[in-house]
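Participant: mind folding the following:
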Amino acid sequence: MWPTLIAFGPLVIHSFGFLLALGVFFGGFVFWQKGREEGTAEEELMDCWLVSGIVSLLTARVWFVLTNWGQFNNWYRIIFLTKFPGLAYEGAFFGFWLIVVIWAVRKHWPWWPILETAVFAELIVEIFGRLGRWLAVGTIKMPFELIFSASLALFYFIFKKWEKKYRSAFKPGFLVAAYLLVLGTINALVTLWFGLILVIGGYLLLINRWGKLAELFKKQPVAIKKHNRKKLGFDFK
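Facilitator: As a prediction, this is how the structure comes out:
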């Protein structure tokens, strides 16, 4: 499609890397801005974003190497990402959220507000990253990557609208559950097991965060209709 944006001598800027960098920048800004509104220290927010980005990159590379071990027969191929590219989305996802959760626990941050802040930030990274892949990959995967990016952008704006209204009806964390359900449904089209994990996790969290939904699963007692009957030697109630 358009894998290289600029090529000037030894300087080469790839579309995927450039758009992913933009996503990390704007996602970090959202994480910093919304986290600050929750009363979290700015330096701690940016440290969390930086460390989570580095760890997600490492876990994405490790995951890719382990799942494609036949292509990496020496350390040179594993380390030099530019000559032997390859990152696993699943590894990046788990690496990012692992650090955010650990950081929130250690710093005693407000739990659900920070996770919802991370949802918005991570969505921005995914939107730009998927758009970058659409520009970089071939024609077979191109339509899916574009649809993936557009779908996430649509849900980002829907979540932004929900954020202002849902707190009066649902418990904090509802957006995290909705995010897992949406992301899992889309990812199930590519990697079934990964998508199912996200969908199941989102569904269980939705039940926990939305009390009204949990009531649907409670067994309701059957009402016994009382009949007017005459006494025939016994008392009927």
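Participant: rest of the way, CA atoms for contacts and neighbours
Facilitator: Will do.
Participant: so how many other residues sit close to residue 27?
Facilitator: When neighbours are defined as other CA atoms under 10 Å, residue 27 has 24 of them.
Participant: close enough to count as contact, it and residue 117?
Facilitator: No - at 9.9 Å, residue 27 and residue 117 do not qualify as touching, with contact defined as CA atoms under 8 Å.
Participant: from residue 124, how far off is residue 58?
Facilitator: Remark: distance between residue 58 and residue 124 (CA to CA, to the nearest Å) = 20 Å.
Participant: quick one: which of those two has more around it?
Facilitator: residue 124 (25 against 17).
Participant: thought that one was touching residue 25?
Facilitator: No - using CA under 8 Å, residue 124 is not in contact with residue 25; the gap is 9.3 Å.
Participant: show me where the chain has helices.
Facilitator: Along the chain, the segments classed as helices by DSSP state H run 15-37, 42-67, 75-79, 89-106, 111-136, 142-163, 174-187, 192-209, 211-215.
Participant: what's the closest of these to residue 8?
Facilitator: Across those, residue 8 has its closest neighbour in helix 15-37 (14.4 Å, CA to CA).
Participant: which secondary structure elements does the closest one contact?
Facilitator: helix 42-67, helix 111-136 (3 or more CA pairs under 8 Å, 6 or more residues apart in numbering; DSSP states H and E).
Participant: return the most buried member of those helices.
Facilitator: Ranked by mean neighbour count under mean count of other CA atoms under 10 Å, the helices and strands packed on helix 15-37 are led by helix 111-136, which reaches a mean of 22.
Participant: now it: how far from the chain's centre is it?
Facilitator: Taking CA atoms, centre = their mean, to the nearest Å, one finds helix 111-136 lying 7 Å from the centre of the chain it belongs to.
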